[in-house]
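Visitor: with the input below, show me the fold.
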Amino acid sequence: MKRFPLSRLLMLAIIACILATMGCKKSGGGSSAGGNSYYVKFKVDGVLKTYSGLAAGTFNLVDGNGDNGCLVTGGKDLSVSDKNTMDILVSDPTAIAANITYTNYATTTAGQVKPKDAYINYLDESGVLFSAWPDDVSTPGVISDAKIVFTSVTSTSIKGNFSGTVYKEIDGSSPKHSITEGEFFIHKIN
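Guide: Just a heads-up that it's a prediction; the model follows:
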């Protein structure tokens, strides 16, 4: 049986809360505030995906362990949560900051930090989960190259970008996808 880290369970709970709070969104187009349409967009193996049915998240929401969690979730269709979704999680005891590159691998590069948790999770059009695994839990052959940057955080929105390699299993020979040119502008719910 696969075990999920506590942060993954927290992420799933936060996603459920986001879906519940966004459930009253009016139909048509992506959610918006002040005329700005929220979205999560990225390329999967060079093919552009734009999700605006749901585009919301949290920034420095403190969990029961005292960790600061930042969650970005994007869904193609608000009423379908088991496929066509992108979820990004950064969690750390230290407050998450804007304009820092968070990675899922150890780094000594200036301006880059490996937090306690950094995940990119992509549910494809068939509902198959692909995840960017951190270097301290991955197996040989798995490329840990995820990068997540929060470029702007206001009281109502979060902007940023992301990229990385996602795998179906925590195994280098498992099916994988390259996530590139990821960008988000989402509704901040906390």
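Visitor: now V137: closest residue in space, sequence neighbours ignored.
Guide: Counting by Cβ to Cβ, 6 or more residues apart in numbering, I170 is the residue found nearest to V137 once chain neighbours are left out, at 6.8 Å. C-beta: built from backbone N, CA, C; applies to glycine.
Visitor: for that neighbour, helix, strand, or coil?
Guide: Taken by DSSP: H, G, I helix; E, B strand; the rest coil, the conformation at I170 corresponds to coil.
Visitor: list the contacts of it.
Guide: Neighbouring residues of I170 by Cβ atoms under 8 Å, 6 or more residues apart in numbering: 131, 133, 137-139, 142.
Visitor: farthest pair within these?
Guide: Using Cβ to Cβ, the contacts of I170 span at most 13.0 Å, a distance reached by S131 and T139.
Visitor: higher neighbour count, those two?
Guide: Neighbour count, other Cβ atoms under 10 Å: between S131 and T139, S131 has more, with 20 against 13.
Visitor: so what does that one have for phi and psi?
Guide: phi -130, psi 150 (degrees, to the nearest 10).
Visitor: what's the separation between the nearest residue to it once chain neighbours are set aside and I96?
Guide: Closest residue to S131 apart from its sequence neighbours, by Cβ to Cβ, 6+ apart: N121 at 5.0 Å. To I96, N121 is 18 Å away according to Cβ to Cβ, to the nearest Å.
Visitor: any weak-confidence spans in the chain?
Guide: 1-36 (pLDDT under 70).
Visitor: and the longest strand for it?
Guide: Counting residues, the longest strand found in the chain (DSSP state E) is strand 176-188.
Visitor: next, the buried residues of that one.
Guide: 176-177, 179, 182, 184-188 (16 or more other Cβ atoms under 10 Å).
Visitor: now do the strands in the chain.
Guide: 32-33, 36-37, 39-44, 47-51, 54-62, 68-75, 85-92, 101-103, 112-113, 117-123, 129-131, 147-153, 157-167, 176-188.
Visitor: okay, now K49: neighbour count?
Guide: 18.
Visitor: and the closest residue to it other than its chain neighbours, what does it touch?
Guide: When the adjacent residues along the chain are set aside, K49 lies closest to F42, with 5.8 Å between them (Cβ to Cβ, 6+ apart). Neighbouring residues of F42 by Cβ under 8 Å, 6+ apart: 48-49, 86, 162-163, 179-183.
Visitor: so which of these comes closest to D117?
Guide: Nearest member of those to D117, counting by Cβ to Cβ, is F162, at 14.3 Å.
Visitor: picking that back up, tell me the bridge partners for the residue nearest to S131.
Guide: D87, S131 (DSSP bridges).
Visitor: isn't it up against A146?
Guide: No. Between N121 and A146 there is no contact under Cβ atoms under 8 Å: 10.5 Å.
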